[in-house]
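1. Starting from these lines, generate the structure:
(chains A and B)
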Amino acid sequence: MSARGRRRRASSDSNEIITLTDVCKAYSTGAPALKDVNLRINKGEFVFIVGDSGSGKSTLIKLLLRELTITSGYINVMGYDLTKIKHRKIPKFRRNIGIVFQDFRLLKDRNVYENVAFAQRIIQKSNKEIKKNVPSILAIVGLAGKYKAKPKQLSGGEQQRVALARALVNKPTVLLADEPTGNLDPKNSWEIMKLLEQINENGTTVLVVTHNREIVNAMQKRVITLKRGVIVSDEEKGGYIDED
Amino acid sequence: MRINTLFYTLRQGFRNIFRNKWFTLASIATISACLFLFGLFYAIVANFQNIVKNAEQGVSVSVFFDSGLEDSRIQEIGEMIARRTEVSNVHFVSADEAWESFKADYLGEYADGFTENPLADSANYQIYLNDVSMQSALVTYLESISGVRKVNRSEITATTLTGVNALVAYVSVGIIAILLAVSIFLISNTVMIGISVRKEEINIMKYIGATDFFVRSPFVIEGMLIGLIGAAIPLGIIYVLYNIVMEYILERFSMLSQLLSFLTVTEIFNVLIPVSLGIGVGIGFLGSITTVRKHLRV
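-> Next comes the predicted model:
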């Protein structure tokens, strides 16, 4: 099928939420970070993206967020053609994506409540709505009692929950989690993964980039494995594939 | 923009000032230092120019007429001179006035021996100029008028004042250039610090879906406030300093104050306040816009 044909197919399939067709991404130096990547993710899926360092996982997340642009191919996320999207439309596009990072990326000088409320302020919610939505999402992630604490007063697991609450408060269609358990101990890692699963059960499409073999193997979700910028495996109810 | 978003943006702008205390202090200190130097320099140059201008206005050219020249011709000559653009004022001194003035200045009580006016032919026009550098051109013109016997002028004064004026202009341009270069260097350094402090914060905002306007507004408000404070501090210092220095000069060097005319603090601040506040707020505005813009392409 030609690239144009695939594009038409992607836009006509209403269930498809992420479409990558023959995507290549090359940086100015070195080998391409992603090579001929073809990927389709449907609404409501839970997908692990695994691979070793330098396999292109982070590049893939950055492309999905439109932090980077592709070198060639076609990429569509939630109906937005990211090859053509205008700079001023990017904020609106990102408001439908929740993002969680390994290093949490909280605003250090603001308390838990303000960090979560910040996401609501960006989409211009009224103070009344913010006062209703923020405590309720903090209760879901188990931090209702710590809304006044500053990030540095929280443990790693708690900080990641705040980041998760911030990502979820605007009810995103897609949640991207880039190594969400990378800085957490096993207990906290499992708790975060359970929260992600719960979020997914409520209808949000969840993409988790991870190194955590144990979690991937235990959760029995779709697993996409990247190796040197190429998808080497895409399995429903898959497991972590070793490099060698 | 919703009203609570507007208030939020304003509140964040004010809060940012206290959030990064060291950055705020460094920025205010930089802008204050630059504007203090600017204000000091302006006060000195403005006074200098005022002194030179007053001295220029005191320089006159005297025109004497041929013996027995008719009054109507003298008047005609006066009108011709007054029409010249470089002339600011023409004053007619009659022979009697000239004698009275001479008596008062040099003779005092010894003048009683004179029964007739020995300066009968000394009726003249005292001509004051707008621009003292035009003096020789005016003198050439005056000498060419028929009925004019003699033109008196002080060439040394005129040349000195023209020279001083040119020197002040060159020095002003030089110092302004140095001040600008120093300001740009200091401010760009401060902005660089600002970038490293804000980089992560701006990135987070952009990832969450904040528009450029939403990200930029609190920083711009913060920048303008810093500029405003950075301008107000040196204005206050210069105000106090200027009054002290003027008082000191007038007290200790009273001779000077009779010779030289200094500007009042109000005259200086009529210009300095709007210019300093404009520069301060402008620097704050441009500094914050530049700082944030580099990180908006996320």
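2. what's the burial count for the residue of the stretch 151-298 of chain B found nearest chain A?
-> In the stretch 151-298 of chain B, the residue found nearest to chain A is B:Gly209; the distance is 3.7 Å by C-beta to the nearest C-beta. (Glycine included, C-beta is placed from N, CA and C.) B:Gly209 is surrounded by 22 other residues when neighbours are defined as other C-beta atoms under 10 Å in any protein chain shown.
3. got it, and A:Asn38?
-> 14.
4. I'd assumed it was in a strand, is it?
-> Yes: residue assignment for A:Asn38, taken from DSSP: H, G, I helix; E, B strand; the rest coil, places it within a strand.
5. could you measure it against A:Gly239, distance?
-> 22 Å (C-beta to C-beta, to the nearest Å).
6. same question, A:Val162
-> A:Val162 sits 31 Å away from A:Gly239 when distances are taken as C-beta to C-beta.
7. Looking at these two, which one has more neighbours?
-> Neighbours per residue, other C-beta under 10 Å: of A:Val162 and A:Gly239, the larger number sits with A:Val162, 24 against 18.
8. where's that one, which helix or strand?
-> Secondary-structure assignment from DSSP states H and E places A:Val162 in helix A:156-168.
9. That helix - contacts with which helices or strands?
-> For helix A:156-168, the elements it packs on are strand A:97-101, helix A:112-122, helix A:127-140, helix A:186-201, judged by 3 or more C-beta pairs under 8 Å, 6 or more residues apart in numbering or on different chains; DSSP states H and E.
10. if we go to 6 Å?
-> Contacts defined by 3 or more C-beta pairs under 6 Å, 6 or more residues apart in numbering or on different chains; DSSP states H and E place helix A:156-168 against strand A:97-101, helix A:112-122, helix A:127-140.
11. For chain B, just list every one of the strands.
-> Counting by DSSP state E, one finds strands in chain B at the ranges B:60-65, B:87-93, B:124-129, B:148-152.
12. Using a markdown table, lay out those together with distance to chain A, mean neighbour count and mean pLDDT.
-> Below are those laid out as a markdown table (distance: least, C-beta to the nearest C-beta, whole Å; neighbours: other C-beta atoms under 10 Å in any protein chain shown; pLDDT from 0 to 100):
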| stretch | distance to chain A | mean neighbour count | mean pLDDT |
| --- | --- | --- | --- |
| strand B:60-65 | 67 | 21 | 86 |
| strand B:87-93 | 59 | 15 | 85 |
| strand B:124-129 | 61 | 21 | 86 |
| strand B:148-152 | 73 | 16 | 85 |
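13. thinking again about what came up before, which residues sit against whichever helix or strand comes after the helix holding A:Val162?
-> The C-terminal neighbour of helix A:156-168 among helices and strands, as given by DSSP H and E, is strand A:174-178. The set of residues external to strand A:174-178 that reach it, using C-beta atoms under 6 Å, 6 or more residues apart in numbering or on different chains, is A:61, A:97-101, A:167, A:204-209.
14. Direction included, what does strand A:174-178 pair up with?
-> Strand A:174-178 has these partner strands in its sheet, going by DSSP bridges: strand A:97-101 (parallel), strand A:205-210 (parallel).
15. Close to chain B: what parts of chain A are there?
-> Proximity of chain A to chain B is confined to A:91, A:94-95, A:99, A:105, A:109, A:119, A:121-122, A:124, A:127 under the rule C-beta under 6 Å from any C-beta of the partner chain.
16. 7 Å instead, please
-> A:65, A:67, A:91, A:94-95, A:99, A:105, A:107, A:109, A:119, A:121-122, A:124, A:126-127 (C-beta under 7 Å from any C-beta of the partner chain).
17. Out of the residues you listed, give me the one that has the most neighbours.
-> So for those (other C-beta under 10 Å), the most neighbours sit at A:Ala119, 27 neighbours.
18. Give me the pLDDT for that one.
-> Reading off the confidence values, A:Ala119 has pLDDT 91.
19. try A:Arg222
-> According to the predicted model, the pLDDT of A:Arg222 comes to 95.
20. for chain B, longest helix please?
-> In chain B, ranked by residue count with DSSP state H as the criterion, the top helix is helix B:155-208.
21. what packs against it?
-> With contacts defined as 3 or more C-beta pairs under 7 Å, 6 or more residues apart in numbering or on different chains; DSSP states H and E, helix B:155-208 has these neighbours: helix B:21-58, helix B:212-252, helix B:265-296.
22. repeat that with 8 Å
-> helix A:90-94, helix A:112-122, helix B:21-58, helix B:135-144, helix B:212-252, helix B:265-296.
23. and A:Asp103, that's in a helix?
-> No: per three-state DSSP, A:Asp103 lies outside any helix segment and is coil.
24. What is the three-state secondary structure of the nearest residue to it once chain neighbours are set aside?
-> In this structure, A:Asp103 finds its nearest non-sequential neighbour in A:Asn183, 6.7 Å apart by C-beta to C-beta, 6 or more residues apart in numbering or on different chains. In three-state terms, and counting by three-state DSSP, A:Asn183 is coil.
25. Low-confidence stretches in the stretch 101-250 of chain B?
-> When residues are selected by pLDDT under 70, those of the stretch 101-250 of chain B lie in B:108-120, B:155, B:191, B:194-195.
26. mind redoing it with 80?
-> Residues of the stretch 101-250 of chain B meeting the criterion pLDDT under 80: B:101-122, B:131-133, B:153-162, B:165, B:169, B:176-177, B:179-198, B:200-201.
27. swap in chain A?
-> Along chain A, segments meeting pLDDT under 80 span A:1-14, A:29-31, A:237-244.
28. most centrally placed residue in the chain?
-> Since you didn't name a chain, this refers to chain A. Closest to where the C-alpha atoms of chain A average out (C-alpha atoms, centre = their mean) is A:Leu176, at 0.5 Å.
29. Actually, chain B is the one I wanted.
-> Per C-alpha atoms, centre = their mean, the C-alpha nearest to the average position across chain B is that of B:Ala46, at 3.8 Å.
30. Tell me the pLDDT of that residue.
-> Among the per-residue scores, B:Ala46 holds a pLDDT of 87.
31. wait, it sits on B:Thr264?
-> No: proximity of B:Ala46 to B:Thr264 does not meet the contact threshold set by C-beta atoms under 8 Å, at 11.0 Å.
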